[in-house]
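J.: okay, predicted coordinates and the sequence, questions at the end:
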Amino acid sequence: MSDFNVWLRQQLAQAVAAPRYMQLAATLETAIKQRVLAAGDFLPPERVLAEQLAVSRVTVSKALKLLEEKALISRQQGVGTRVAVYMDYSLSQEQGFTAQVTRSGGAASNQWLLRTRVTPPPEIAQALNLAEHEPAVKLRRLRLVDGNPVSLETTYIPPRFLPDPERLEHSLYALWRERGIVPEGKHFLLKAIACSDDIAGLLNVACGAPLLQVTQTSRNAQGEVLEVSEVLCRSDVYEFEVSS
């Protein structure tokens, strides 16, 4: 952060015909977009930043307010100010999470919570066209962008489409492509919910924070259900795009 402070002072030393708080906001925005500051990085407290840059605290506060309005930073009482994690996700594309994050310049990763076979709930078994008591593969993982948790994904899959779930490390869709399995049609159901206490700890958000629940059903060209997935997405991170 000391190197960043030096860079920031150098940028602000350049003569620009604009109010000081706008100069600071523009410089910080450049740092975020050029990844001088990475997603999830914490900024110094307003008082400290003002002292380091030899500007008033009002100037810093007004600059941060502009960045918050652009959703470039997030400020949380008792936690601090950090660079926002951003995920632009298209529901219309056939690409999965990993491919879309990579396309947008981020680094996708997983924190696995579960990779096993279970007896699914009756409604899931019915959706997957499984017989009574027939097992399904259950995957549960945190999805991360640049190391920051952005969503919690729980997926059920008929075993014939993923016979060895413990070997799945990264992209399910990339693995399927290698095996000639291609999702041809998807159905989405979106619902706004409040984050529960146990999920808040996993996603690093406050209990009660708004989440977007996305229930996805994917099929292959033969109409067979490949997966039923519930994804809880941080509303401060995801922006969904749908086109017809």
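T.: Happy to help now that I have it. Numbering: from 1, shown residues only.
J.: Ala125 contacts Glu132, doesn't it?
T.: Yes. Judged on C-beta atoms under 8 Å, Ala125 makes contact with Glu132 at a distance of 7.1 Å. Quick note: C-beta positions are derived from backbone N, CA and C, even for glycine.
J.: the two: who's more crowded?
T.: Ala125 (20 against 8; other C-beta atoms under 10 Å).
J.: any idea how far Ala13 is from the more buried one?
T.: For Ala125, the distance to Ala13 equals 65 Å [C-beta to C-beta, to the nearest Å].
J.: now do Lys186
T.: 51 Å.
J.: tell me the mean pLDDT for stretch 231-238?
T.: Throughout stretch 231-238, pLDDT has a mean value of 85.
J.: what are the contacting residues of it?
T.: Residues outside stretch 231-238 that contact it (C-beta atoms under 8 Å, 6 or more residues apart in numbering) are 71, 74, 84-87, 89, 143, 145, 149-154, 192-193, 195, 199, 203, 205, 209-216.
J.: out of these, which end up buried?
T.: Neighbour counting by 16 or more other C-beta atoms under 10 Å classes 74, 84-87, 89, 143, 145, 149-154, 195, 199, 203, 205, 209, 211-212, 214, 216 among the contacts of stretch 231-238 as buried.
J.: go through these and flag which are in strands.
T.: 74, 87, 89, 143, 145, 149-154, 211-212, 214, 216 (DSSP state E).
J.: so which of these comes closest to Leu226?
T.: Using C-beta to C-beta, Gln216 is the member of these that lies nearest Leu226, at 10.2 Å.
J.: partner residues bridging the residue nearest to the closest one when sequence neighbours are not counted?
T.: Computed as C-beta to C-beta, 6 or more residues apart in numbering, the closest residue to Gln216 that is not its neighbour in sequence is Ser229, at 4.6 Å. Following DSSP bridges, Ser229 is listed with bridge partners Thr155, Gln216.
J.: Ser229 reaches Gln213, doesn't it?
T.: No. At 11.0 Å, Ser229 does not count as touching Gln213 under the criterion of C-beta under 8 Å.
J.: is it true that Val137 touches Asp164?
T.: No. Using C-beta under 8 Å, Val137 is not in contact with Asp164; the gap is 9.3 Å.
J.: so for these two, which sits in the more crowded spot?
T.: For Val137 versus Asp164, neighbours defined as other C-beta under 10 Å are more numerous around Val137 (25 against 10).
J.: burial of the closest residue in space to Asp146 that isn't next to it in sequence, as a residue count?
T.: Distance criterion C-beta to C-beta, 6+ apart; nearest residue to Asp146, sequence neighbours excluded, is Ala39 at 4.5 Å. A count of nearby residues for Ala39, using other C-beta under 10 Å, gives 20.
J.: for Glu224, see how far away Ala39 is.
T.: The spacing between Ala39 and Glu224, counted by C-beta to C-beta, is 37 Å.
J.: same check on Gln126?
T.: Distance of Gln126 to Glu224, given as C-beta to C-beta: 14 Å.
J.: now swap in Ala25 and tell me
T.: Plainly put, Ala25 is 52 Å away from Glu224 if you go by C-beta to C-beta.
J.: please apply the same query to Cys207.
T.: Applying C-beta to C-beta, the value for Cys207 to Glu224 is 39 Å.
J.: tell me the pLDDT at the residue nearest the centre of the chain?
T.: The centroid of the chain falls nearest to Val150 when counting by C-alpha atoms, centre = their mean (3.0 Å). Per-residue confidence at Val150 stands at 89 (pLDDT).
J.: my guess is it contacts Arg141, does it?
T.: No. The pair Val150 and Arg141 fails to qualify as a contact (C-beta under 8 Å) at a distance of 11.6 Å.
J.: immediately after the lowest-mean-pLDDT helix or strand in the chain, which helix or strand?
T.: None of the helices or strands of the chain scores lower by mean pLDDT, DSSP states H and E than strand 87-90, at a mean of 65. Sequence-wise, the next helix or strand downstream of strand 87-90 (DSSP states H and E) is helix 97-103.
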